[in-house]
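J.: Next comes the sequence, and after it the predicted model I'd like to discuss.
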Amino acid sequence: MWPFTKKPHGATAAVQVASVDVKTAFARSKRGARLVDVRSSREFAHTGHPKGAVSVPPQLIKKDQTGLGREDDILVICLSGHRSPRQARRLAEMGFTKVTNVEGGLTAWKRAKLPVKK
């Protein structure tokens, strides 16, 4: 059996996750949404991160040790927008009900001159 074409018994279709631009994400974070940075802890600490973001690297997501509530409004961000969609889908598949990907990641966040913590 080719491993990439068949789903294991009982698997469901991939979950779709909405995406928003960085300005929308910033506005939602100001209203209480949780901004979750899914880069490594080292990247989070050394390259800066959106002000108010929490670090939840992929290994914590895989272990379901996020510290997030299943009903939290979660905005998932990475550096450039390539890693966050996968982690956002993973969170949704784990039962988190309000997950949104942030397009363009920290790069777009900085370009929009939104607040960053070093």
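T.: Arrived safely, thanks for sending.

J.: Name all residues that make contact with the residue lying closest to Phe26 once chain neighbours are set aside.
T.: Residue nearest to Phe26 in three dimensions, not counting chain neighbours: Leu114, with 5.0 Å by Cβ to Cβ, 6 or more residues apart in numbering. To be clear about C-beta, it is placed using only N, CA and C from the backbone, and glycine gets the same treatment. Residues near Leu114 by Cβ atoms under 8 Å, 6 or more residues apart in numbering: 22-23, 26, 50-51.

J.: For these, give me CSV that also has distance to Gly81.
T.: Formatted as CSV, these follow (distance: Cβ to Cβ, whole Å):
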residue, distance to Gly81
Val22, 10
Lys23, 14
Phe26, 15
Pro50, 13
Lys51, 19
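
J.: Contact partners for the nearest residue to Asp37 once chain neighbours are set aside?
T.: Nearest residue to Asp37, sequence neighbours excluded (Cβ to Cβ, 6+ apart): Ala53, at 4.4 Å. Taking Cβ under 8 Å, 6+ apart as the contact definition, Ala53 lies against 35-37, 44, 77, 117.

J.: how much space is there between Ala53 and Ala14?
T.: Ala53 sits 26 Å away from Ala14 when distances are taken as Cβ to Cβ, to the nearest Å.

J.: which residue ranges form the strands in this structure?
T.: Along the chain, the stretches classed as strands by DSSP state E are 18-20, 34-37, 49-50, 54-55, 73-77, 98-102, 116-117.

J.: looking at these, which is buried most?
T.: strand 73-77 (a mean of 26; mean count of other Cβ atoms under 10 Å).

J.: What angle do strand 98-102 and that strand make with each other?
T.: Relative orientation of strand 73-77 versus strand 98-102 (axes from the mean of the first three to the mean of the last three Cα atoms, to 10 degrees): 30 degrees.
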